[in-house]
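**Student:** what would the 3D arrangement of this be:
(chains A and B, ligands or ions: 3)
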Amino acid sequence: MNDKSKIEKPVNVLIVGVGGQGVIMVSKVLALLCQTHGFEVKQSEVHGMAKRGGGVFSHIRFGPKVWSPTIPKGKADILLALEWAEAMRWLDHLKPGGTFIADTQRIVPPFACRNRKRGAERNYSRETPAEIIDKVKNGYALDAEGMAMTLGNRRVANTILLGVLSTALDFSPESWQAVIEKFVPPHTIETNAQAFQEGRSWTANAVKPLPVVSEAPSAESIDITTELTINTVWCKGCDICVKMCPERCLALNEDQEAVLIHPDKCTGCRICEWLCPDYAIKLHKRPNSQTEGTGAGV
Amino acid sequence: MGSQVKHEDAAKTKSRAAESNIRPLMGNEAIARGIWEAGARLAAAYPGTPSTEILENVAGYPDGEIVAQWSTNEKVAFDVAAGGSFAGVRSACVMKHVGLNVAADALMSQTYIGVNAGLVVIVCDDPGIHSSQNEQDTRIYAKLAQVPVLEPSDAQEALEFTRLAFEISEQFDTPVIVRSTTRLSHTRSAVLMGERADVPVKPFNEAPAKNVMVPAHARQRHPELFKREAALAEYFETSPLTKWEKGSKEFGVITQSVAYTYVKEVLPEASVLKLAASHPLPENALREFCASVKRVFVVEELEPIVQTALKAMGIAAEGKEWFPRDGEFSPELVLRGFEAAGIVEADEHEEVVTATPIARPPVLCSGCPHMTSYLALRAIDARVAGDIGCYTLAAIEPLNSIDTCVSMGSSIANAVGMAKAGLNERPIVATLGDSTFLHAGIPPLIDAVYNNANITVIILDNHITAMTGGQDHAGTGKTIRGTEAHRVDFEQICRATGVEWVKTIDSYDMGTMYRTFREATEHRGVSVVISNRPCVLDPVKIMGPALRVNGAECIACQSCMNLGCPSLTWSDEWHDGHHKVQIIESTCIGCTICAQVCPSNCIQPVEA
Ligand SMILES: Cc1ncc(C[n+]2csc(CCOP(=O)(O)OP(=O)(O)O)c2C)c(N)n1
Ligand code: SF4
Ligand code: SF4
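**Tutor:** Ligands and ions are numbered 1, 2, ... in the order given. Next up is the predicted model:
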């Protein structure tokens, strides 16, 4: 415990999340709070792509004198993450022994759902809250959105997180509340005050999050090879399969017959088979143990 | 709590007297304030990250005090500001670094003319390419144009330097560049604000030999630039802005801009010569400083402008050997550089906890009207010359349908070139947004028709300049202050250039879109399709009613996932080895595009 009433070195707080979550708002609250206590504050953010669902981060540094606006790797006293994968991205900025606060909420980017292989998993952070809380010294992971819903307003999730943050910094709860009030719509002051308290009391009894389990698909649906055959005699070149194939792996050849031009991309989704008005397309599936490298393996 | 940081009641000694005039301002807000405080009466800009908020903040001051206007492009903005200066009012134009390429033609001649009232060009560089197509260094333009470039290091200086820029402009009869960077523009810190100067309007300067750049006049003006440059260098020699902070004699650091704060952060005791401008340089001050230390380092982001100048003066200055020529600096990077140079000892790095980061590139919004155009272009297998705007995001997965992207307005002429080069197995299509079309798309469209190129142009008219945060333009019918303005008619402009095949379609109608694109690309000569739907974010945020996927019927074909709509995501259910899809109802805007592409008809409105 450091009980000097005066800090000498700047305190570094890194606030991260995804565009639209309110990272900038949360950091403005902290910046104003520090400023009203007479500190020099620098708050640096890079927007631009913020609205487009990219990652957003805001560096806040406060102290008697602050030079650089940014926080180096391994030097953040506190990392506050509004989203789980962003917490993972910035984890290396947290100094050893620093305070880690993260919302366990997952915002899965479209990019993570790109793999068309059978049985493919989301390309999202594999680290679980339980695991990380074990590794960091002062770690808090909570479902702030869920807690906010219980309070009847999902938008106070960030205020709950501010409540948690407030326990890691030595400003009085009253001064926090006074600043928060300036940033929220007047009719929500009451709920926000509640949310802030909720965050503080949650921290006092913080529990380790439970491990998450995800369901896997059946082995029979993954460990197979599919092969597409096109009966060119029946094909009249209507182009329907070519247009509708989600992977764009079909084309019409010079004789106006459908051909599979990218067998490696075919996922075996069967749309072409179902949509062909002339029943010219057939998808064959074989368990892998019986096939020996034939056709369009996926 | 073990990690609690104690600081209640700290720093109370700070004077509270001037507090009412101290406000946390973003670099861009401070620059806007500086323009206003300088008594400027005219400011024009074309939006561009990270510069956009400057004019938006200027527009926060009363119309009666300062005119603020979005111009069609940066050259227009520059010329408008120059016109203001001719007319005797202090004027500013604002742009991002690449905008100066567009305005450069005017700058290169205006510098010969000089100014009547102060003329200031605010340019924001983007080291690290946070949101640009390159990371060029504006200081090279300052050298080329022989004008001073002021480089503030924090928001307070941003305000003060901007104010001062107008004084310098008038005192030395020169346009002045104020150069910000992304980091400065978007960092908020406390700023002590001043009052607005009351600067009277000057009469028009009746001086054709100075104001009319024909060869005979220009030949006379050119030598004036050399004298002006020397006088400016002299000014920076004695100006308090050139700051020598004395420290150890072992080594000295010459720096400016935000890089200065990084140097102070990592080497607070070092000898530092802080420059206010990288051009023109105060040579005597530099020589004196360099002679006082054993080793000289220049810490400057991007190009080695100061380092090269020092070398030309015969001084063995180090710099780019240790600090890279690309990317954004940070305290870490500066420290690593000094470690490598043997100035400081490498510190022991404590083990930090790490995790594997996932890719989260920026994406088009839920229901973005641009999605359909690119899905349809994929379907007709077009060769797509792209352009700059939100829609450039269609270059990456899953839409994956843009083949080139160079600079604003390049798409149409790139397509013309491809067509003329004989690239014809696939239809050649140029795609560009409404703001980009007005910015630099009209001359190449005229070129395409004049030279009878066989191309299709798709104007993605979302009624706003979206990428930069939703600014109005001549096609929105509104000014920056929200007043009504004439609204450009895109169809009419296209027809006036001589395009005969022009059609406007609804961006949310997939069927019509496929059909129209096919027809347009089959047309010989230039065809134009205007894909029309407002952006879902600006000027109004469009919300629901959301759609829902009937999980039981979803066949996991991934057709909808090809849109890249962020409201569509995998559910935890599987169908035949593939993930089924679900819609995140809190963000879905109900545009119905996914429902239109779904072959099993399982995307339906949420029933009340
Ligand atoms: C010369 C230049 N000026 C400004 C910019 C910044 N900029 C990038 S995209 C864009 C506007 C795009 O607007 P629009 O074409 O309407 O497309 P939207 O983003 O609305 O889809 C601007 C101004 C730039 N890249 N280059
Ligand atoms: S801001 Fe507008 S144009 Fe840009 S991605 Fe979002 S909806 Fe599309
Ligand atoms: S309707 Fe479909 S495409 Fe449109 S926003 Fe909703 S999920 Fe996205």
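**Student:** so residue A:268 is in which element?
**Tutor:** For residue A:268, there is no host helix or strand (DSSP states H and E).
**Student:** tally of neighbours for it?
**Tutor:** 21 (other C-beta atoms under 10 Å in any protein chain shown). Placement of C-beta: from N, CA and C, glycine included.
**Student:** now swap in residue B:204 and tell me
**Tutor:** 11.
**Student:** buried residues in stretch B:582-595?
**Tutor:** Neighbour-count burial for stretch B:582-595, counted by 16 or more other C-beta atoms under 10 Å in any protein chain shown, picks out B:582-583, B:587-595.
**Student:** dump those residues to a markdown table, plus distance to residue B:275.
**Tutor:** Below are the buried residues of stretch B:582-595 laid out as a markdown table (distance: C-beta to C-beta, whole Å):
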| residue | distance to residue B:275 |
| --- | --- |
| B:582 | 57 |
| B:583 | 55 |
| B:587 | 48 |
| B:588 | 52 |
| B:589 | 50 |
| B:590 | 55 |
| B:591 | 52 |
| B:592 | 57 |
| B:593 | 53 |
| B:594 | 55 |
| B:595 | 60 |
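**Student:** which of those fall within helices?
**Tutor:** In this view, the buried residues of stretch B:582-595 that belong to helices under DSSP state H are B:593-595.
**Student:** ok so, going back, export the buried residues of stretch B:582-595 to JSON lines and tack on pLDDT and distance to ligand 1?
**Tutor:** Output for the buried residues of stretch B:582-595, formatted as JSON lines (pLDDT from 0 to 100; distance: C-beta to the nearest ligand atom, whole Å):
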{"residue": "B:582", "pLDDT": "96", "distance to ligand 1": "28"}
{"residue": "B:583", "pLDDT": "97", "distance to ligand 1": "24"}
{"residue": "B:587", "pLDDT": "92", "distance to ligand 1": "19"}
{"residue": "B:588", "pLDDT": "96", "distance to ligand 1": "20"}
{"residue": "B:589", "pLDDT": "96", "distance to ligand 1": "16"}
{"residue": "B:590", "pLDDT": "96", "distance to ligand 1": "21"}
{"residue": "B:591", "pLDDT": "97", "distance to ligand 1": "16"}
{"residue": "B:592", "pLDDT": "96", "distance to ligand 1": "20"}
{"residue": "B:593", "pLDDT": "97", "distance to ligand 1": "16"}
{"residue": "B:594", "pLDDT": "97", "distance to ligand 1": "20"}
{"residue": "B:595", "pLDDT": "97", "distance to ligand 1": "23"}
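**Student:** now render the residues you listed as JSON lines, adding distance to ligand 3.
**Tutor:** As requested, these are exported to JSON lines (distance: C-beta to the nearest ligand atom, whole Å):
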{"residue": "B:582", "distance to ligand 3": "9"}
{"residue": "B:583", "distance to ligand 3": "5"}
{"residue": "B:587", "distance to ligand 3": "7"}
{"residue": "B:588", "distance to ligand 3": "3"}
{"residue": "B:589", "distance to ligand 3": "5"}
{"residue": "B:590", "distance to ligand 3": "5"}
{"residue": "B:591", "distance to ligand 3": "4"}
{"residue": "B:592", "distance to ligand 3": "5"}
{"residue": "B:593", "distance to ligand 3": "4"}
{"residue": "B:594", "distance to ligand 3": "3"}
{"residue": "B:595", "distance to ligand 3": "6"}
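**Student:** which among those gets closest to residue A:275?
**Tutor:** residue B:595 (16.9 Å; C-beta to C-beta).
**Student:** which residues touch the closest one?
**Tutor:** The contact partners of residue B:595, by C-beta atoms under 8 Å, 6 or more residues apart in numbering or on different chains, come to B:547, B:601, B:603-604.
**Student:** redo that, cut-off 6 Å
**Tutor:** By C-beta atoms under 6 Å, 6 or more residues apart in numbering or on different chains, the contact set of residue B:595 is B:547, B:603.
**Student:** equivalent analysis for the one 3 residues further on, please.
**Tutor:** Applying C-beta under 6 Å, 6+ apart, we find residue B:598 in contact with residue B:560.
**Student:** check what pLDDT it gets.
**Tutor:** pLDDT, residue B:598: 94.
**Student:** residue A:21 reaches residue A:82, doesn't it?
**Tutor:** Yes: Residue A:21 lies in contact with residue A:82 (C-beta atoms under 6 Å); the separation is 4.6 Å.
**Student:** which of those two has more neighbours?
**Tutor:** Taking neighbours as other C-beta under 10 Å, residue A:21 and residue A:82 compare with residue A:82 leading, 25 against 22.
**Student:** what's the distance between the more buried one and residue A:25?
**Tutor:** 10 Å (C-beta to C-beta, to the nearest Å).
**Student:** equivalent analysis for residue A:18, please.
**Tutor:** 14 Å.
**Student:** of the two, who's got more company?
**Tutor:** Set residue A:18 next to residue A:25 and count neighbours by other C-beta under 10 Å: residue A:18 wins out with 22 against 14.
**Student:** bridging residues for that one?
**Tutor:** residue A:55 (DSSP bridges).
**Student:** also residue B:528?
**Tutor:** Where residue B:528 sits in a bridge, its partners, by DSSP bridges, are residue B:457, residue B:502.
**Student:** you'd agree it is up against residue B:494?
**Tutor:** Yes: taking C-beta under 6 Å as the definition, residue B:528 is a contact partner of residue B:494 at 4.7 Å.
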